[in-house]
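J.: Attaching a predicted model along with its sequence, questions to come.
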Amino acid sequence: MRIAVLTSGGDAPGMNAAVRAVTRGALAKGWEVFGVRNGYAGLLADELAQLAARDVGGIVQQGGTTLGSARCPEFAEAAGRAQAIRHLKKRNIEALVVVGGNGSQSGSASLARDGFPVVGVPSTIDNDLYGNDVSIGCDTAINITLEAIDRLRTTASSHHRAFAVETMGRNCGYIALMAGIAGGAEVIALPESEIQPAELAERLRAAYQRGKTHALAVIAEGAKCGVHELMEYYGAHRKSIGFDLRVTRLGHVVRGGIPSAADRVLATRLGAAAVDTLAKGRHGVLVGLIKGDTVVTPLEEIAGKMRPADASLLELARTMAI
Ligand code: ADP
């Protein structure tokens with residue numbers, strides 16, 4: 001078989017390990033593999049090059065994506081996808097593996113609908129993809145977020161302050177929830193479970209009154225009551241709350257890490273599983289891990305959907321904050 005692989009959308013630590021796994025998994029079956037530069041944009045621009053085993057050497061430990069990624073609005077148009085398919089077919093490429101997040105897998109679903117065989121590999125720090133427990137890159141991003149929280153806690157405690165930490169994750173609160181639990185946050189605000197500035201401030205006040213030396217609020221970037229709203233409320237009620245409040249927005253720094261062991265292993269498993277799926281004649285699916293098992297879910301079923309947040313974990317975080 002002749003296949004191509006690309007990385008698309010927001011970069012995530014472990015994308016390189018996934019490309020390596022797809023390439024070497026396919027080469028092991030005697031197939032030929034092409035790497036596409038810069039995601040769907042490279043498909044439209046016809047930027048493909050054949051990959052040998054050595055071409056994907058020394059990248060398993062690198063963050064980001066050596067193939068490059070891009071956002072490509074033209075791919076959402078039928079004409080753009082038709083051009084992409086022409087560029088694949090003229091090289092006799094029979095299938096495409098797309099390593100990427102929610103938007104990218106909506107692109108895969110569109111390509112599958114147009115009749116081109118495609119398999120998706122979930123890779124996004126946001127972990128918002130349906131049909132999969134944990135996406136590639138998410139573990140590393142949580143660990144970097146957690147390291148920042150631990151460092152802020154040191155200074156918060158020394159100065160008897162509250163810190164509000166804004167985490168990445170787009171409309172999904174997974175990073176905030178996991179890093180918040182692991183970092184011992186007093187309060188966690190997620191897009192899936194909104195909390196008003198007054199209640200958030202009240203929890204910080206209560207922590208002060210219980211004699212805590214510091215308090216941490218972890219706020220997902222997609223939360224409607226974000227750090228801006230909290231600061232505004234705080235400005236007006238500072239005296240009655242006790243703690244001073246400082247805000248840290250972590251932003252893209254959490255995306256740029258060296259992939260954790262968990263992300264490298266996950267990427268290797270899912271990249272190889274994508275090749276095995278094609279070898280079985282299946283396509284138009286996302287490969288994922290659910291409860292430790294490799295599963296395939298039709299792209300039509302996952303496109304446009306979001307993984308639901310685990311309400312019991314949010315409750316657990318609250319119990320631990322006494
Ligand atoms: P991520 O994959 O990280 O969620 P984006 O949402 O930016 O990133 O999506 C990456 C790319 O996927 C877009 O630039 C576009 O080329 C493609 N894409 C997104 N949604 C669709 C869609 N509904 N149909 C076709 N292509 C899409």
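T.: Perfect, thanks for sending it.
J.: now the helices for the protein?
T.: 15-28, 39-44, 78-89, 102-113, 138-159, 174-182, 197-209, 227-241, 261-279, 299-302, 311-320 (DSSP state H).
J.: show me the contacts for the residue in the stretch 101-250 of the chain that the ligand sits nearest to.
T.: When scored by CB to the nearest ligand atom, the stretch 101-250 of the chain has residue 103 as its residue closest to the ligand, at 1.9 Å. For glycine as for every other residue, the C-beta is placed from the backbone atoms N, C-alpha and C. Residue 103 is in contact with 8-9, 71, counting by CB atoms under 8 Å, 6 or more residues apart in numbering.
J.: switch to 7 Å and redo it
T.: Residue 103 sits next to residue 9 when contact means CB atoms under 7 Å, 6 or more residues apart in numbering.
J.: Quick one, grab the pLDDT at it.
T.: Listed pLDDT for residue 103 reads 95.
J.: On the pLDDT front, check residue 321 for me.
T.: 78.
J.: count of residues packed around it?
T.: When counting by other CB atoms under 10 Å, one arrives at 20 neighbours for residue 321.
J.: do you know how far it is from residue 187?
T.: 7 Å (CB to CB, to the nearest Å).
J.: count of neighbours near residue 14?
T.: Neighbours of residue 14 (other CB under 10 Å): 37.
J.: How about residue 262?
T.: 16.
J.: Chain neighbours aside, what residue packs nearest to it?
T.: residue 139 (4.3 Å; CB to CB, 6 or more residues apart in numbering).
J.: wait, isn't the one you found in contact with residue 264?
T.: No. At 9.6 Å, residue 139 does not count as touching residue 264 under the criterion of CB atoms under 7 Å.
J.: Out of the helices of the chain, which is closest to residue 64?
T.: Among those, helix 15-28 comes nearest to residue 64, with 7.0 Å by CB to CB.
J.: quick check, distance from that closest one to the centre of its chain.
T.: The chain centroid and the centroid of helix 15-28 are separated by 19 Å, computed with CA atoms, centre = their mean, to the nearest Å.
J.: next one: stretch 8-23
T.: On CA atoms, centre = their mean, the centre of stretch 8-23 falls 12 Å from that of its chain.
J.: Do it and the ligand come into contact?
T.: Yes. Using CB under 6 Å from any ligand atom, stretch 8-23 reaches the ligand at 8-10.
J.: residues from the protein in reach of the ligand?
T.: Close to the ligand, as judged by CB under 6 Å from any ligand atom, the chain has residues 8-10, 40, 71-72, 75-76, 100-104, 106-107, 110, 124.
J.: Make JSON lines out of the helices of the chain and add distance to residue 215.
T.: Formatted as JSON lines, the helices of the chain follow (distance: least, CB to CB, whole Å):
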{"stretch": "helix 15-28", "distance to residue 215": "36"}
{"stretch": "helix 39-44", "distance to residue 215": "41"}
{"stretch": "helix 78-89", "distance to residue 215": "49"}
{"stretch": "helix 102-113", "distance to residue 215": "33"}
{"stretch": "helix 138-159", "distance to residue 215": "7"}
{"stretch": "helix 174-182", "distance to residue 215": "12"}
{"stretch": "helix 197-209", "distance to residue 215": "4"}
{"stretch": "helix 227-241", "distance to residue 215": "9"}
{"stretch": "helix 261-279", "distance to residue 215": "30"}
{"stretch": "helix 299-302", "distance to residue 215": "38"}
{"stretch": "helix 311-320", "distance to residue 215": "13"}
